[in-house]
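Enquirer: attaching a predicted model along with its sequence, questions to come.
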Amino acid sequence: MADTAYLMISGATTAYRAPEFVAALSARFARVITVQTPNAMRLISPHDLRRIPNNQLVESYFDARILPRPTPGPVLFAPCNFNSLNKLAGGVADNLALSIVAEMIGFGQPVVVALSLNEPLFAHPIVRESVATLARWGVTVVEPQDVGQGLTMAPTDVVLKAFFARAVTGG
């Protein structure tokens, strides 16, 4: 298993769950590198993420921890919102988080995307196309679940089970 894991956070209302993911990844990997999309920074403070033990928050393409290019390692993209899902499936890498995920797909690294979508967005026709595209590329997509208050990102344990199954097997 790799010694570096990545956590990508998009601007979904479930971004507040990021510390749970960092803690779980930190228990299994020597390095956890966390990257937020620009919209995620509006929902969870970079300051709060920097304070999590064993978490290395990267905010720039020029951060020495990812130069000259990110070290190959598994990626957990949680939460992944509608915008990030469709950009990723469309090959758009217009922010650091999407760029790193695209590189890891290119490296053949395990990538798990946990969708955080409400009912209307999950029902949008482009979502099925994007999920199918990512699946063809070998990406595992954890679909949103209704745990009593409408669709949202699957419970943390469900997301982590999918991630560790991919990260351990490498595929």
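Expert: Arrived safely.

Enquirer: from here on, contacts and neighbour counts on C-alpha atoms
Expert: Will do.

Enquirer: may I ask which helix or strand encompasses residue 28?
Expert: Secondary structure assigned from DSSP states H and E places residue 28 in neither a helix nor a strand.

Enquirer: and it, how many neighbours?
Expert: For residue 28, the neighbour count with other C-alpha atoms under 10 Å is 15.

Enquirer: SS state for the residue nearest the centre of the chain?
Expert: For the chain, the residue nearest the mean C-alpha position is residue 77 (0.8 Å; C-alpha atoms, centre = their mean). With DSSP: H, G, I helix; E, B strand; the rest coil as the basis, residue 77 sits in strand.

Enquirer: mind listing what it touches?
Expert: By C-alpha atoms under 8 Å, 6 or more residues apart in numbering, the contact set of residue 77 is 7, 8, 9, 10, 111, 112, 113, 114.

Enquirer: make it 10 Å
Expert: Residues near residue 77 by C-alpha atoms under 10 Å, 6 or more residues apart in numbering: 6-10, 21, 34-36, 84-85, 97-98, 101, 111-115, 141-142, 159, 163.

Enquirer: cool, residue 6 as well?
Expert: 22, 25, 29, 31-35, 55-57, 70-77, 97, 100-101, 104, 111.

Enquirer: send me the helix or strand bottoming out on mean pLDDT in the chain as CSV with only the CA atoms.
Expert: Least confident helix or strand of the chain, by mean pLDDT, DSSP states H and E, is helix 46-50 with a mean of 78. Output in CSV follows, covering the C-alpha atoms of helix 46-50 (Å, rounded to 0.1, in the frame of the first residue of the first chain):
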residue,chain,number,x,y,z
PRO,A,46,-8.5,25.9,5.6
HIS,A,47,-7.4,27.0,9.1
ASP,A,48,-9.5,24.2,10.7
LEU,A,49,-8.1,21.6,8.3
ARG,A,50,-4.5,22.7,9.0
